[in-house]
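1. what would the 3D arrangement of this be:
(chains A and B, ligands or ions: 2)
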2 protein chains.
Amino acid sequence: DPAAPVDVAEAEEFVRQYHAENPRAGYADERLAAVRAEIDATGTYAHTPEELTYGAKLAWRNASRCIGRLYWRNLLVLDRRSDRTPQEIYFGLVQHLEVAGGAGSRSGRHARGGNIRPVVSVFAPAVPGRPYARVWNEQLIRYAGYREPDGSIVGDPGQEQFTASMELYGWKGEGTPFDVLPLAIETPEHGVALYELPEEAVLEVPISHPEYPWFAELGLRWHAIPAIANQRLTIGGIHYPLAPFNGWYMGTEIGARNFADPDRYNLLPTVAQLLHLDTSTETSLWRDRALVELNRAVLHSFERAGVRISDHHTEAARFLEHVRREENAGRKVPADWTWIVPPMSGAATPVFHRYYHEADQRPNFYLDPEAQQLARTGQPGGW
Amino acid sequence: DPAAPVDVAEAEEFVRQYHAENPRAGYADERLAAVRAEIDATGTYAHTPEELTYGAKLAWRNASRCIGRLYWRNLLVLDRRSDRTPQEIYFGLVQHLEVAGGAGSRSGRHARGGNIRPVVSVFAPAVPGRPYARVWNEQLIRYAGYREPDGSIVGDPGQEQFTASMELYGWKGEGTPFDVLPLAIETPEHGVALYELPEEAVLEVPISHPEYPWFAELGLRWHAIPAIANQRLTIGGIHYPLAPFNGWYMGTEIGARNFADPDRYNLLPTVAQLLHLDTSTETSLWRDRALVELNRAVLHSFERAGVRISDHHTEAARFLEHVRREENAGRKVPADWTWIVPPMSGAATPVFHRYYHEADQRPNFYLDPEAQQLARTGQPGGW
Ligand code: HEM
Ligand code: HEM
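-> Ligands and ions are numbered 1, 2, ... in the order given. Below is the predicted model:
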C-alpha cells in the first residue's frame, strides 16, 4: 500500500541486503542508523542513487514471472525522482523510450534504433498519506481499439475501454488498427492530462514472413519496446508508483498473445485461412500451424528491421543459466511456472520440465488493483 | 498411507457424499452406523459395489491434473477385489486392456478394437498393517529402453532402468524400439513375477503423416491405451493400491511428450531434419514446426486406424464444459493449471486464460513415493 508509512523492518532488510551484496559500499551499520533516524524524523527516507539502482535490479531479479532475468545486473536505472509536473514526467517517459530503443547508438545498424536495452525510470516515491503522480496506461506504447457501429473492433480489443475513455477526455485517433494511444499522466496538482508520443519515440516493425509474400499484405506491425507503465516498484519499504520498465520482446508475447489471443487481435483464423489450412476440424491442428507461422513472421520481421528480440527457446535456456548462476551464488530463484513456461510449445522448452521456488521477495514490482482498473477502463474509481 | 488404519472421519464423509449425490440409495444414517460398526469390529470396512463404482468416479472427478473429466460419470468400474493370485491379477489386467480397447464391439469399424473406453479395475484393498499386491509398472503398456554398448538408447529412454531390472529378473526383449515391457506383478505370497502381455491385448497404431510419405518410414508406433498402473485409489479411507485406470489418449501426450521430450524418444531434431528445416538457429522455430507435424501425424494415424484419440483443442473445450456443468451443480472443480494446460500451443487453448480452484479432494488417485521408485528403477527398497 503506497499510502502506508514506511515499514522500518523492510527498510532495514533492504539496507542489509544492499551492503551484503555490495561489500565495497562499506558496513551497513552507519547507513542503518541514518535510515532509522530519517524515518523517525520524517516518516520516510530517501534512497541514495546507488541504493535506488541496486534496489531496482533486485526488483527485477525477484520478478518471479519474468523469464528474462539472466541480465538483471545490466538494468539501466534512470533516476527521475525530482520530476514533478506532467510536462517533466512526459519528457522523462519519452526519454525512457529513446534510451530503451537504442537510438543514436554509433553503429550504423542501429542508427534508427533497435538495439533495445533494459531500462527502468524511477519517478518520485509516494509520500505516506499524500496523493502521487501516476500513468494510467498499462504500457507506454499500446494500440487503440475502436468499437465500430457494427459491433466489430478495429485495433486492439484489449484497449477498447481505455480507448473509449481517452476519447471522452478529448483524444481522437486516426482509426487505423495500429494507432498509438496517448499517455494519460495524472499528477496531484493537475489531475489527468493526455500527451501524444512523438513518432520518433515509437519504434515500430512492419510484419512480414520469410516465405509467404501475402503475409506483409495483412498490414500488421508492432512496437519494438514492451514497457510496463503501471506497476509499483517497492524497495526497502519505499513505494515508487511510477517506475516504467522494459526489456526486449520475447517473440511469443507478440505472436502467441497480442496477435493470437481471441480477445486481442485474434489472427489465428485469418492466418490459417491464408495458409489454406483445413479449419473445419481441430485435428488438422490449424491453430497450432497458424500460430507457428505467425511467430516465425514476428521473429523474422524484428530481425530484418534490426530490432532486438529473442525467441522462447533462447530465453528459456538463458533463464536456466540464470537459475544456475543464482544457485552458485547461494540464492534460490523465485519463479512462477505458469508465467515462465512460454505460451506455445511449452514442453519443447527446458523450463517446462522442473519445479520452481515460489516466493514473494522484495524489492519487487506489484500491480495494484486500482492501477489495473485504471488501465482497463481509463477511468478512476468505481466500475 | 495404505498401511494406516481406516480413517473413520473420511469413511463417514464419503458415505454421506455418496448418499447426498445418489438420493435413490436411501438415507446415509443406516449405512453410516453399519460402517462404524464394521470398522469397530474389524479395523476396516468393505465398500458395496455401488459405493465402489461411485467412489471411483469421484476419484476421477477429483483428479485435478486431468483435462478429460467431462465424462466422469461414464467410467466403467471393474470390481476385481476377490482376485488374489498373480495369475488372477494378470488375467484381470489383460481383461482390463481388452475391455478398454473396445475389442469385440459389434461395429465393423472397431472389430479389432479402437473404440477406447474409460475403465478402472479395482483390485483388493490394502488391509491395514498387511502387505498387499501391486504392479511395479508405471503403465500397463510401456516400451522398453535398452542402453547400447555405445551409450545410445534403443526404445524409450524413460524406461531404461526399469528395462535393465526386468532383464535381471530374466526377461529378454527383442531389442526393437517398441518392445512392450512385461508386467511385474508383486503379491505377498509370491513376490514379484513377470508376465508378458498377449499380442491381442496390446492394440497399437503405426504412425504416418497425412502429407509426408517419409514419415511412415521412421517406423514409429504407439499403443492405443494409456493405463496408469501404479497410483493408489483412495475411497472413504480405504486404499486400493492396485487400481489401474485409462482414458483415451490426448494426442499431445504422445506427440508433444513421449515422442518429443529430450529424455524420451527425442524426435524433434529427426523430424526437423527430414522437413529440411534450418536447425542452425532457434529463430527458425524448427522445434515448434517439427512438434506440430509430429502431432498431426499422431492424430492422423490414430484416426486412420479407427482408434479413439482427441486433440488438445477439443479436450480443452470439453474441460471448460465440465467446469460449467460442475458449477451448475454447485461444485467447484479442483484443477492444477500446470497440468491442465496442454504441453503445446498453451495460450491457443481456452483453458490457459483463467485460474482454477486448487484443492486436494477425496476420493482420489495418489502416486506414492515407493510406487514411483519401483516404476523408475524396477527395484524395491533403495533410498
Ligand atoms: C531483458 C529482456 C526481458 C525479457 C525477454 C523479458 C521477458 C518477460 C516475459 C516473456 C514476461 C511475461 C510477459 C507476459 O506473459 O505478459 C515477463 C514478465 C515480467 N518481467 Fe520481464 N523481460 C525482460 C526484462 C525485464 C525487465 C528489465 C524487468 C524489470 C526491470 C522485467 C520485469 C518483469 C515483470 C515484473 C514481469 C511480470 C509482468 C506482469 O505481471 O504482467 N522484465 N518478462
Ligand atoms: C477419457 C479420456 C481421458 C483423457 C483425454 C484424459 C486426459 C488426461 C491428460 C492429458 C492428463 C495429463 C497426463 C500427463 O501430462 O502426463 C491426465 C492426467 C490424469 N488423468 Fe486423465 N484423461 C482421461 C481419462 C481419465 C480417467 C478415466 C481417469 C481415472 C479414472 C483419469 C485420471 C487422471 C489422473 C489421476 C491424472 C494425473 C496423472 C498423473 O499424476 O501422472 N483420467 N488425463
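2. for the rest of this, base every contact and every neighbour count on C-alpha atoms.
-> OK.
3. need the residues of the stretch 51-200 of chain A near ligand 1, please.
-> Contact residues (Cα under 6 Å from any ligand atom) of the stretch 51-200 of chain A with ligand 1: A:Trp60, A:Ala63, A:Arg65, A:Cys66, A:Ile67, A:Gly68, A:Pro118, A:Val119, A:Val120.
4. please name the nearest non-neighbouring residue to A:Val192.
-> A:Glu186 (4.0 Å; Cα to Cα, 6 or more residues apart in numbering or on different chains).
5. am I right that the one you found sits in a helix?
-> No. With DSSP: H, G, I helix; E, B strand; the rest coil as the criterion, A:Glu186 is strand rather than part of a helix.
6. my guess is it meets A:Pro86, correct?
-> Yes. If you go by Cα atoms under 8 Å, A:Glu186 and A:Pro86 touch, sitting 7.3 Å apart.
7. more neighbours: those two, which one.
-> Each of A:Glu186 and A:Pro86 has its neighbours counted (other Cα atoms under 10 Å in any protein chain shown); A:Pro86 has more, 24 against 19.
8. my read: A:Ala359 touches A:Trp337, true?
-> No. A:Ala359 is beyond contact range of A:Trp337, at 11.7 Å (criterion: Cα under 8 Å).
9. who has more neighbours out of these two?
-> A count of neighbours by other Cα under 10 Å puts A:Trp337 above the other of A:Ala359 and A:Trp337, at 21 against 14.
10. hmm, back to that, ok, and which of the residues of the stretch 51-200 of chain A next to ligand 1 reach ligand 2?
-> Okay, of those, nothing touches ligand 2 (Cα under 6 Å from any ligand atom).
11. just the ones of these in strands?
-> When those are checked against strands (DSSP state E), the matches are A:Val119, A:Val120.
12. pLDDT at whichever residue of the stretch 101-250 of chain A sits closest to chain B, what is it?
-> Residue nearest to chain B within the stretch 101-250 of chain A: A:Pro210 (9.4 Å; Cα to the nearest Cα). On the pLDDT scale, A:Pro210 is placed at 98.
13. same question, A:Arg142
-> 98.
14. circling back to that earlier point, need the residues touching each of A:Glu186 and A:Pro86.
-> A:Ala193 (Cα atoms under 8 Å, 6 or more residues apart in numbering or on different chains).
15. quick one: contacts for the closest residue to A:His190 other than its chain neighbours?
-> Closest residue to A:His190 apart from its sequence neighbours, by Cα to Cα, 6+ apart: A:Pro86 at 7.5 Å. Shown in contact with A:Pro86 (Cα under 8 Å, 6+ apart): A:Ile185, A:Glu186, A:Thr187, A:His190, A:Ala193.
16. ok and the residue in the stretch 1-150 of chain A nearest chain B?
-> A:Arg65 (14.2 Å).
17. quick check, that residue in contact with A:Val341.
-> No. The pair A:Arg65 and A:Val341 fails to qualify as a contact (Cα under 8 Å) at a distance of 9.4 Å.
18. neighbour count winner among these two?
-> Ranked by neighbour count (other Cα under 10 Å), A:Arg65 and A:Val341 place A:Val341 first, with 25 against 16.
19. any idea of the pLDDT on the more buried one?
-> 98.
20. what's the answer for A:Pro128, then?
-> 88.
21. show me what contacts the residue in the stretch 101-250 of chain A that ligand 2 sits nearest to?
-> Using Cα to the nearest ligand atom, the closest approach of the stretch 101-250 of chain A to ligand 2 is made by A:Met250 at 25.7 Å. The contact partners of A:Met250, taken as Cα under 8 Å, 6+ apart, are A:Ile309, A:Ser310, A:Asp311, A:His312, A:Glu315.
22. out of these, list just those in helices.
-> Assigned to helices by DSSP state H, the following of the contacts of A:Met250 qualify: A:His312, A:Glu315.
23. just the helices in chain A please.
-> Using DSSP H, helices in chain A cover A:8-21, A:28-42, A:49-61, A:86-100, A:160-168, A:251-252, A:268-274, A:286-304, A:312-328, A:337-340, A:369-377.
24. what packs against the shortest one?
-> Right, helix A:251-252. In terms of contacts (3 or more Cα pairs under 8 Å, 6 or more residues apart in numbering or on different chains; DSSP states H and E), helix A:251-252 is packed against helix A:286-304.
25. dump the residue contacts of A:Asn22.
-> A:Asn22 neighbours (Cα under 8 Å, 6+ apart): none.
26. before we move on, back to that, among the helices of chain A, which is nearest B:Arg325?
-> helix A:337-340 (25.5 Å; Cα to Cα).
27. who's in contact with A:Gly255?
-> A:Gly255 neighbours (Cα under 8 Å, 6+ apart): A:Leu291, A:Leu294, A:Asn295, A:Val298.
28. any chance of a markdown table for those, columns distance to ligand 2, neighbour count and pLDDT?
-> Shown next, in a markdown table, are the contacts of A:Gly255 (distance: Cα to the nearest ligand atom, whole Å; neighbours: other Cα atoms under 10 Å in any protein chain shown; pLDDT from 0 to 100):
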| residue | distance to ligand 2 | neighbour count | pLDDT |
| --- | --- | --- | --- |
| A:Leu291 | 21 | 29 | 98 |
| A:Leu294 | 26 | 27 | 98 |
| A:Asn295 | 25 | 27 | 98 |
| A:Val298 | 30 | 32 | 98 |
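29. just those residues that are near chain B?
-> Here is what survives when these are matched to chain B using Cα under 8 Å from any Cα of the partner chain: A:Leu291.
30. ok, which of the contacts of A:Gly255 also contact ligand 1?
-> Counting by Cα under 6 Å from any ligand atom, no member of those is near ligand 1.
31. residue in chain A nearest to ligand 2?
-> Closest point on chain A to ligand 2, by Cα to the nearest ligand atom, is A:Ala347, at 10.0 Å.
32. what about the nearest residue to that residue once chain neighbours are set aside, how many neighbours?
-> Sequence neighbours aside, B:Pro343 is the residue nearest to A:Ala347 in space, at 5.0 Å (criterion: Cα to Cα, 6+ apart). A count of neighbours around B:Pro343, defined by other Cα under 10 Å, yields 23.
33. now do B:Pro343 against B:Glu293, distance only.
-> Going from B:Pro343 to B:Glu293 by Cα to Cα, to the nearest Å gives 15 Å.
34. number of nearby residues for A:Asp40?
-> By other Cα under 10 Å, neighbour count at A:Asp40 equals 12.
35. mind checking how far the closest residue to ligand 1 within the stretch 201-350 of chain A is from A:Val6?
-> Residue nearest to ligand 1 within the stretch 201-350 of chain A (Cα to the nearest ligand atom): A:Gly247, separated by 3.5 Å. A:Gly247 sits 29 Å away from A:Val6, going by Cα to Cα.
36. for the residue nearest in space to the middle of chain A, give me the pLDDT.
-> Central residue of chain A (Cα atoms, centre = their mean): A:Ile228, 2.9 Å from the mean position. At A:Ile228, the model reports a pLDDT of 98.
37. wait, what's in contact with the spatially closest residue to it that is not a sequence neighbour?
-> What sits nearest to A:Ile228 in space, not counting adjacent residues and going by Cα to Cα, 6+ apart, is A:Gln139, at 4.3 Å. Contacts for A:Gln139 (Cα under 8 Å, 6+ apart) come out as A:Pro226, A:Ala227, A:Ile228, A:Ala229, A:Asn230.
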